[in-house]
Structures are given as C-alpha cells and as structure tokens.
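*Asks:* Quick one, structure for this:
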Amino acid sequence: MKAMRGRIALRKHFVQNLSGALWYFVPRLRDFGSAHSLPACVRASSRRFCCRRNRWVDYFSLVLFLAIGVFCVTSCVTSSHHTFSDPNANWQTKTGQLMYRSGKATLIGDALVRFSNTGDFELTVSKGPGITLLSLRQDATFVEVKGAFARQGWSGPVNNAPPQLRGWLALRDQLIRAPNQKTLRYATGDESFVFRF
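*Replies:* Residues are numbered from 1 along each chain as shown. Now for the predicted structure:
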C-alpha cells in the first residue's frame, strides 16, 4: 500500500509541475546532462523518476534535432532548382530511330528530338508506347537524365557530368548544328550514335 500511495503522490507531483517539465522539453545544449540545470520538480522527492524522464527527453530532442539537420542538408544537396524551358511552337521537332552502341551496351529505339533556337534540347528514346528508355533535357549550363537505361539518372551542371554521360551530352551540339540532316552519325571513344529521321 505504501508503494502504491508513493506512486500516486509522485504522479500528482509531476502533474502539478507539468509546466516546469514542458519548459525543459527543449534542453539547452550547454547544460546537457547537468543536474544543476533541472527544474525544481526534478530536485524534489521524485528526483529519481524525473531525472530519468528528462534525460530521455534530452536524448530524444538531440536525436530529433540531428535528424532534421541531416534531412535539410541532404535535401539541399540532392534537389535541383533548375528550371528548363518548355517546348513551344518555335521549337523544331524530329522523330526517327536511334542505334547506340558501346563496349558494354547496345540500345535501339524510337527517338524524339526537340530543340530551340536558344540551345534548349530534349531527347527521348523509347521502346513502344509508354516505355521510356532514356529522357535527356539539356540547355547551355544544366542537364537532367532519366529513364531505365540511365539507371539512377543524374542532374547537375553540364561541366560536372560523369564521364559515361559525355557522349550523350555532345548530341545536343551535333543535332542542332545539322537540323535538316536525315542521317546523323557521331562517335566518341567506344560509343557510336546513329540517328535516322
């Protein structure tokens, strides 16, 4: 009975000092783990219970703070704020076939090429309706690559593009330079591209 009464008294004491406990919910990092920084309810007869609870709150708050910080940093690094121009009536559009070969892969599919007079460029390679193998959007400074053939994809400044994308990124200049050419061949390293429009 004494133990039961003690627990009830402890709970009443904690409820009466709830405002103090809430004040302590966000711990001060300089006082982290310091017994002198605890509110009055902790230093009362219920010290053992309250100390354990506030240390748990300390750890929880610190972990939550670190998780939010990591999320903000990684989202800023991985997210792209670049905005590409949308195709309009002034863009030139070409449809045809692309055959791509390299030392590791071969790709044959339908090609849709769109580009503007200001250097905006889009290339979509598909296999049948609704199956996009590769989608490439590019302007003078930025590029975005998606699709099954691109695996995880990539986006970022053109100058920072990984080496395996350099051949694909060179297609923009090749196709814009020869807008009326029915067949375009381009080779770099062990990669070769053949377009037939």
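*Asks:* so what pLDDT did T83 get?
*Replies:* As summarised for this prediction, T83 has a pLDDT of 88.
*Asks:* residues near it, how many?
*Replies:* Other residues near T83 come to 8 when the count uses other Cβ atoms under 10 Å. (C-beta placed from N, C-alpha, C; glycine too.)
*Asks:* you'd agree V63 is in a helix?
*Replies:* Yes: under DSSP: H, G, I helix; E, B strand; the rest coil, V63 sits within a helix.
*Asks:* and it, how many neighbours?
*Replies:* For V63, the neighbour count with other Cβ under 10 Å is 10.
*Asks:* Who is L112 paired with across the strands?
*Replies:* Under the criterion DSSP bridges, L112 forms beta bridges with T95, T124.
*Asks:* In this protein, mark out all the helices, start to finish.
*Replies:* Assigned by DSSP state H, the helices in the chain fall at 2-16, 18-23, 47-78, 166-177.
*Asks:* Lowest mean pLDDT across these, which one is that?
*Replies:* Among these, helix 18-23 scores lowest, at a mean of 47.
*Asks:* Spell out which residues sit in contact with E144, please.
*Replies:* Applying Cβ atoms under 8 Å, 6 or more residues apart in numbering to E144 gives the contacts S80, H82, F84, L136, R137, Q138, G153, W154, S155.
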